[in-house]
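Trainee: sharing a model prediction with you, sequence too.
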Amino acid sequence: MGILLNLKTALKSLWNNRLRSFLTLLGIVIGVYAVVTLLAAAQGVQNQIGGFVEDFGPRTIIIMPGESDSSGTPNFAAQAAPSTLVVDDISYLRQHANLIEDTIDYAVFIGGLAAHGDKKLTGMPVGITPGAEELFSIKIIAGRNFTQNDLTKKSRVLVLSEAAAEKLAVKVGETMNIGRDQFKVIGLFEVEQSLSISSAQGEMFLIPAPVANEINRSPQVNRIVVHSKTVEDVDKAIAQVEKVLTAKHGTTDFTVMKPSDILKTVDQIINVLKYMVIGITSISLLVGGIGIMNIMLVTVAERTREIGIRKAVGATESAIMLQFLIESVVLTVIGALIGIGLASVTSYLAAKFSPLEPLITTQTILIAVAMGVIAGVIFGLFPAIRAARKNPVAALKYE
């Protein structure tokens, strides 16, 4: 019996027992659906962050508190602790690092509940200098942004996201509070889609950095953004910044990175998550595979007489085994395709109604189909071997 005829026979058998086949498929469908959906979400986040990083430009260098580990990965736990960077570091860099431009920007994270009238919002208040806005990939859509004059005078002005403005029902020109401090709204911005992955990022409030230092009653800063004078000197500039700040601090309690380094770190984290997703969802495939084995054993028992007749007319053990193995693989591949289809619908809806943009790649589809085929072979092998080894005489007498 050829491959095409085996396929036709397998599909006919599955159709004749379609309810049983459908129930058997559910484990495979759920497993593949989970794999594809989670991998698509991870790939979407990876691409969004990649797009955000590309916006920085090749000369941008970012300084963060907390020493990186031996692999260069930032110490993210240090972000929750008091910052090791201070405003004075900026003037020190200007004096001692000649491979970077004089224009240095920084950002200060602050706390405080935003309020306007009877409306309140827990957002993301950040103090920045005008050039530090690239850290947040924003675009002014109404009013204006900060000027150097706002920073010099420590003006109590505020620029907030369009989403935050809608929730607080505040307009340009009106006043609102962050904690106990009152600010005048001078502009609205939108967060680029590449960054708007969480609601907190889409509900930011930006104020002049010196004002943020006053509110915190501290000279600490959370991010410093510098630019090398040339693209070719980026790595040399990073080394120089590290040397200068280490000399000032007496220790390397900070991390200096270029955006591509951040992307590499994110890629490493997401790739680990991808492997974890495949490992965890394989449990669903295992359960589904056991269901496949069970139903194939039942199928073999039901078709014992058919097996006897085929052997009596000359069918070999390998032909019998191949027939049932193909039937098992067809069952799991159909389940995999249904799972991929459902995951595609979920990804489309997520992209349309949420900030996340899941991406189903060819690699993801191949992984899902391969998992289905492997499950079909592994869990269909025992029933197929059992069918192939049946005694033709005993099989013909089976009722």
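Mentor: Good, I have the coordinates.

Trainee: run through the helices of the chain in chain order.
Mentor: Listed in chain order, the helices of the chain (DSSP state H) span residues 3-16, 18-54, 88-96, 148-153, 162-168, 209-216, 234-249, 259-302, 304-312, 317-353, 362-388, 392-397.

Trainee: and the third one, what's buried?
Mentor: Translated: helix 88-96. For helix 88-96, a neighbour-count test (16 or more other Cβ atoms under 10 Å) marks 89, 90, 92, 93 as buried. In this view, the C-beta of every residue, glycine as well, is placed from N, C-alpha and C.

Trainee: pick the one among the residues you listed closest to residue 61.
Mentor: residue 93 (10.3 Å; Cβ to Cβ).

Trainee: so what's that closest one up against?
Mentor: 100, 104, 224, 226, 241, 244, 245 (Cβ atoms under 8 Å, 6 or more residues apart in numbering).

Trainee: neighbour count, pLDDT and distance to residue 30 added to the residues you listed, as a markdown table?
Mentor: Formatted as a markdown table, these follow (neighbours: other Cβ atoms under 10 Å; pLDDT from 0 to 100; distance: Cβ to Cβ, whole Å):
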| residue | neighbour count | pLDDT | distance to residue 30 |
| --- | --- | --- | --- |
| 100 | 22 | 90 | 53 |
| 104 | 21 | 87 | 52 |
| 224 | 26 | 90 | 48 |
| 226 | 26 | 89 | 50 |
| 241 | 23 | 92 | 50 |
| 244 | 19 | 92 | 55 |
| 245 | 23 | 93 | 52 |
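
Trainee: quick one, domains of the protein?
Mentor: In terms of domains, the chain is parsed into 3-51+265-397, 57-259 (source: automatic domain parsing).

Trainee: same list, the helices of the chain, but as TSV with distance to residue 182 please.
Mentor: Putting these into TSV (distance: least, Cβ to Cβ, whole Å) gives the following:
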stretch	distance to residue 182
helix 3-16	70
helix 18-54	32
helix 88-96	28
helix 148-153	15
helix 162-168	14
helix 209-216	11
helix 234-249	36
helix 259-302	35
helix 304-312	84
helix 317-353	36
helix 362-388	50
helix 392-397	89
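
Trainee: how about those helices, which one is nearest residue 139?
Mentor: Taking Cβ to Cβ as the criterion, residue 139 comes closest to helix 162-168 out of the helices of the chain, the separation being 9.9 Å.

Trainee: elements contacting the closest one?
Mentor: In terms of contact count using 3 or more Cβ pairs under 8 Å, 6 or more residues apart in numbering; DSSP states H and E, helix 162-168 is assigned the packing partners strand 114-116, strand 119-121, strand 181-191.

Trainee: save those as a markdown table, and put in mean neighbour count, mean pLDDT and distance to residue 365 too.
Mentor: Conversion of the helices and strands packed on helix 162-168 to a markdown table gives the following (neighbours: other Cβ atoms under 10 Å; pLDDT from 0 to 100; distance: least, Cβ to Cβ, whole Å):
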| stretch | mean neighbour count | mean pLDDT | distance to residue 365 |
| --- | --- | --- | --- |
| strand 114-116 | 20 | 90 | 44 |
| strand 119-121 | 15 | 88 | 41 |
| strand 181-191 | 19 | 89 | 31 |
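
Trainee: so which of those strands gets nearest residue 162?
Mentor: Nearest to residue 162, of these and by Cβ to Cβ, is strand 181-191 at 5.2 Å.

Trainee: so what touches that closest one?
Mentor: Residues from elsewhere that reach strand 181-191 (Cβ under 8 Å, 6+ apart): 112, 136-146, 156-163, 165, 170-177, 201-202, 204, 206-207, 211, 215.

Trainee: need the residues that contact stretch 19-27.
Mentor: Judged by Cβ under 8 Å, 6+ apart, the contacts made with stretch 19-27 from elsewhere in the structure are 14-15, 284-285, 287-292, 294-295, 331, 334-335, 338.

Trainee: what mean pLDDT does that stretch have?
Mentor: pLDDT averaged over stretch 19-27 equals 75, rounded to a whole number.

Trainee: repeat for stretch 331-344
Mentor: Across stretch 331-344, the average pLDDT comes to 88.

Trainee: distance between it and the chain's centre?
Mentor: For stretch 331-344, the separation from the chain centroid amounts to 22 Å (computed by Cα atoms, centre = their mean, to the nearest Å).

Trainee: same question for it: list its buried residues.
Mentor: Of the residues in stretch 331-344, 331-340, 342-344 count as buried by neighbour count, 16+ other Cβ under 10 Å.

Trainee: CA atoms only for it - export them in CSV, please.
Mentor: Extracted as CSV, the C-alpha positions of stretch 331-344 are listed here (Å, rounded to 0.1, in the frame of the first residue of the first chain):
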residue,chain,number,x,y,z
LEU,A,331,-4.1,12.7,13.7
THR,A,332,-1.5,14.8,15.5
VAL,A,333,-0.7,17.0,12.5
ILE,A,334,-4.3,17.9,12.1
GLY,A,335,-4.4,18.8,15.8
ALA,A,336,-1.2,20.9,15.3
LEU,A,337,-2.8,22.8,12.3
ILE,A,338,-6.0,23.5,14.3
GLY,A,339,-3.8,24.8,17.2
ILE,A,340,-1.8,27.0,14.8
GLY,A,341,-5.1,28.3,13.4
LEU,A,342,-6.5,29.2,16.8
ALA,A,343,-3.2,30.8,17.8
SER,A,344,-3.3,32.9,14.6
